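Novice: attaching a predicted model along with its sequence, questions to come.
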Amino acid sequence: MEGVLVTGTASADLDGECVRCLEPIRDELAVRFQELYVYDDLRDHNPDDEDDDVSTLQDDLLDLEPVLRDAVVLALPFQPLCEDDCPGLCPECGARLIEDPDHAHEAPIDPRWAALTEIDERPSGHTP
């Protein structure tokens, strides 16, 4: 007798991109929601009840948008992935590691020893 209890299921199509490899992701999401909408006249009788989170009926109409938005946003993945074991991109060249799992680069030369690489490049018999 306090109001109207609304229970339902909502579905939505999701479009986004993988956080590791930036490939497009398309998925479907279904969420369940439940909300009690109290009558305006019952809320007016309790002016000490200053709960702003209470949904109210306004002229026998109810607004489902905040309830649906909250349910869908809370069900969205925090970091969407194209696959559970997506290896992502190479941090050096940006190649997709899922397409080339044996992808590798030469070990970088320590800049402190880089001058020593010039020794091999000098002609033999040449002294500094």
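Specialist: All right, it came through fine.

Novice: flag the shaky bits of this structure, pLDDT-wise.
Specialist: 1, 41-52, 120-128 (pLDDT under 70).

Novice: just confirm Pro108 is within a strand.
Specialist: No. Counting by DSSP: H, G, I helix; E, B strand; the rest coil, Pro108 is not found in a strand; it is coil.

Novice: what's the burial count for it?
Specialist: For Pro108, the tally of surrounding residues (other Cβ atoms under 10 Å) stands at 8. C-beta: built from backbone N, CA, C; applies to glycine.

Novice: just Arg20 next, same as before
Specialist: Per other Cβ under 10 Å, the neighbour tally for Arg20 reads 19.

Novice: Gly88 is in contact with that one, correct?
Specialist: Yes. Counting by Cβ atoms under 8 Å, Arg20 touches Gly88, with 3.4 Å between them.

Novice: list the contacts for the nearest residue to Leu68 once chain neighbours are set aside?
Specialist: Residue nearest to Leu68 in three dimensions, not counting chain neighbours: Ala10, with 5.4 Å by Cβ to Cβ, 6 or more residues apart in numbering. Contacts of Ala10 were listed using Cβ atoms under 8 Å, 6 or more residues apart in numbering, and they are Ala30, Val31, Phe33, Leu68, Ala71, Val72.

Novice: angles on the backbone of the closest residue to the third one other than its chain neighbours, please.
Specialist: Put plainly, it is Phe33. Sequence neighbours aside, Ala71 is the residue nearest to Phe33 in space, at 4.2 Å (criterion: Cβ to Cβ, 6+ apart). For Ala71, the backbone dihedrals (degrees, to the nearest 10) come out as phi -70, psi -40.
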